[in-house]
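Engineer: Below: sequence and its predicted model.
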Amino acid sequence: MSLLRKIIVLSMVLALSAASVACSKSNPTSSDSSSALLNTATSDSSEEVTEIRVAHTQTYVPYDYVNDQGESDGFEVQVLKAVDELLPQYKFTFVPTSDDDLLIGVESGKYQVGVKGAWFTEERAKKYIYPKNYIAASIIGLTFRAEDSDKIKDMESFARFSGKLVPIAPQNAQWNIVEEYNKTHPDNQVNLVASENFNISDAYTWVLEGRYDAYFDIKLSYENNVLADNAPYKDLANKLAYVPYKAIPTYPLFNKNVQDLADAYDKAIEQLTKEGKIAELSQKYFNEDIFQYISE
C-alpha cells in the first residue's frame with residue numbers, strides 16, 4: 001500500500017470513530033429513553049382528572065331532585081357542584097337514581113358519592129365513609145292542633161302540656177332524638193311509645209281527634225303534605241300547626257375506597273362555609289339558614 005493510500009484509509013477510520021462518539025452523546029440509550037417517558041407519564045399523571053360519579057335521589061325537593069330542565073338540582077347537589085369547582089383533580093358527574101340503587105351503588109363502587117338527605121347511623125358508618133363536615137340539615141319538630149298554638153311553643157311547652165306524642169318506631173332516628181330530650185329533661189318528659197307501622201294520614205287524624213297531641217314530623221314532610229299548593233292534606237292546613245325543634249345534619253355517603261376524596265370534600269366545605277357560599281345556597285333553596293337549628 002502506498003503512503004498516500006495509507007493516509008487516506010487512516011483519515012477515514014478517524015472520521016468514523018469521531019462520528020460514533022458524537023452519536024453516542026447526542027442520542028439517549030434505551031434506558032434514558034424509558035426514563036424520559038416515565039417522567040412525562042408522571043407529569044401527566046399529576047394533572048390527570050379523575051371522574052367521580054355522584055348519585056342523588058330524583059324527587060327529594062329541595063335537597064336532591066331533577067328540575068324541569070332535566071338537570072340535577074337541589075341544595076345538596078349544588079353544594080357538591082361548588083365543591084367540584086374547588087377540586088381540579090376531580091370531575092363530578094351527577095346521576096339521578098333511586099334510593100336503593102344509590103345505597104347499593106355507593107357501597108359497591110358503582111358510584112363514589114351519594115346524597116339523599118342521609119342522617120348518620122352506626123349501621124351506615126360500617127358501609128360508607130362519613131366525612132367530618134355535614135352537607136345539609138333536616139329540620140324536625142312537632143305537628144299539633146292549631147287550636148293549641150297558644151300552649152305549644154316548643155318541645156318543653158309540649159311536654160308540660162301533655163307530652164302525648166304519636167308513637168315512634170324505635171329503629172327510627174326520631175326515637176333517639178326524643179329519647180335524648182327525655183334524658184336531659186327528667187322532670188319534663190315526652191311520652192315516648194314504640195309504634196307499629198302506620199301512614200302519615202293516621203298520625204294527622206290521631207292528633208286532630210285528640211288521641212295524641214303532637215306528631216314528631218320532619219318539617220319538609222309537613223310542608224309538602226299540608227302546606228304546599230298541591231299537598232295531599234291541604235284541607236288540614238287551617239287545623240294543624242308546626243313548630244321546629246332541632247335540625248339533624250345530613251351527610252354525603254362516600255365509598256369506602258375514596259378516603260382522599262372525602263378529605264378533599266371536607267377542606268372544600270370549610271372553604272365554602274367561610275366564603276358564605278353554603279349560607280347563600282341555604283337561603284336560595286330553603287329561604288332560611290337551616291343550620292341555625294343544629295345543636296352541636
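Structural biologist: Received the coordinates, thanks. Here the structure is a predicted model, which is why all the values come from computation and not from measurement. Residues are numbered from 1 along each chain as shown.
Engineer: Shouldn't Ala82 be within a helix?
Structural biologist: Yes: note on Ala82: a helix contains this position according to DSSP: H, G, I helix; E, B strand; the rest coil.
Engineer: okay, which residue is most central for the protein?
Structural biologist: When the chain is reduced to its mean C-alpha position, the nearest residue by C-alpha atoms, centre = their mean turns out to be Pro252, at 2.3 Å.
Engineer: That one: which element?
Structural biologist: Taking DSSP states H and E as the criterion, the element that holds Pro252 is strand 240-254.
Engineer: Let me know the next secondary structure element after that strand.
Structural biologist: The element immediately downstream of strand 240-254 (helix or strand, assigned by DSSP H and E) is helix 259-275.
Engineer: Measure how that next one sits relative to strand 240-254, angle-wise.
Structural biologist: An angle of 130 degrees separates the directions of helix 259-275 and strand 240-254 when computed by axes from the mean of the first three to the mean of the last three C-alpha atoms, to 10 degrees.
Engineer: Figure out how far helix 259-275 is from the centre of its chain.
Structural biologist: Distance, stretch centre to chain centre, for helix 259-275: 12 Å (C-alpha atoms, centre = their mean, to the nearest Å).
Engineer: before we move on, what about stretch 225-238?
Structural biologist: 29 Å.
Engineer: distance between the ends of it?
Structural biologist: The first residue of stretch 225-238 is 13 Å away from its last residue (C-alpha to C-alpha, to the nearest Å).
Engineer: Residues touching it, excluding its own?
Structural biologist: Stretch 225-238 is contacted from outside by 143, 146, 200-201, 204, 208, 224, 240, 242, using C-beta atoms under 8 Å, 6 or more residues apart in numbering. Glycine gets a C-beta too; all of them are placed from N, C-alpha and C.
Engineer: Please apply the same query to stretch 59-66.
Structural biologist: Contacts to stretch 59-66, defined as C-beta under 8 Å, 6+ apart, come from residues 56-58, 72-77, 96, 115-117, 136, 220, 224, 250, 285-286.
Engineer: If you count neighbours, what's buried in that stretch?
Structural biologist: Burial within stretch 59-66, assessed by neighbour count using 16 or more other C-beta atoms under 10 Å, is assigned to 60-66.
Engineer: hang on, the earlier thing: OK, contacts around the residue nearest to the centre of the chain?
Structural biologist: Applying C-beta under 8 Å, 6+ apart, we find Pro252 in contact with 76, 80, 113-115, 118, 131, 135, 265.
Engineer: cool, and Lys110?
Structural biologist: Taking C-beta under 8 Å, 6+ apart as the criterion, Lys110 is in contact with 53, 55, 104.
Engineer: Which stretches in this structure count as strands?
Structural biologist: With DSSP state E as the criterion, the chain has strands at 50-57, 59-60, 64-66, 72-73, 90-97, 113-118, 136-145, 215-218, 240-254.
Engineer: tell me, which of the ones you listed is the model least confident about?
Structural biologist: Comparing mean pLDDT across the strands of the chain, the weakest is strand 59-60, with a mean of 88.
Engineer: Pull up the pairing partners for that strand, direction included.
Structural biologist: strand 64-66 (antiparallel) (DSSP bridges).
Engineer: how about the helices in the stretch 101-250 of the chain?
Structural biologist: Counting by DSSP state H, counting those that start in this stretch, one finds helices in the stretch 101-250 of the chain at the ranges 122-125, 155-161, 173-184, 200-209, 219-222.
Engineer: The fourth one to strand 240-254, inter-axis angle?
Structural biologist: The reference is to helix 200-209. Here helix 200-209 points in a direction 150 degrees away from that of strand 240-254 (the same axes, to 10 degrees).
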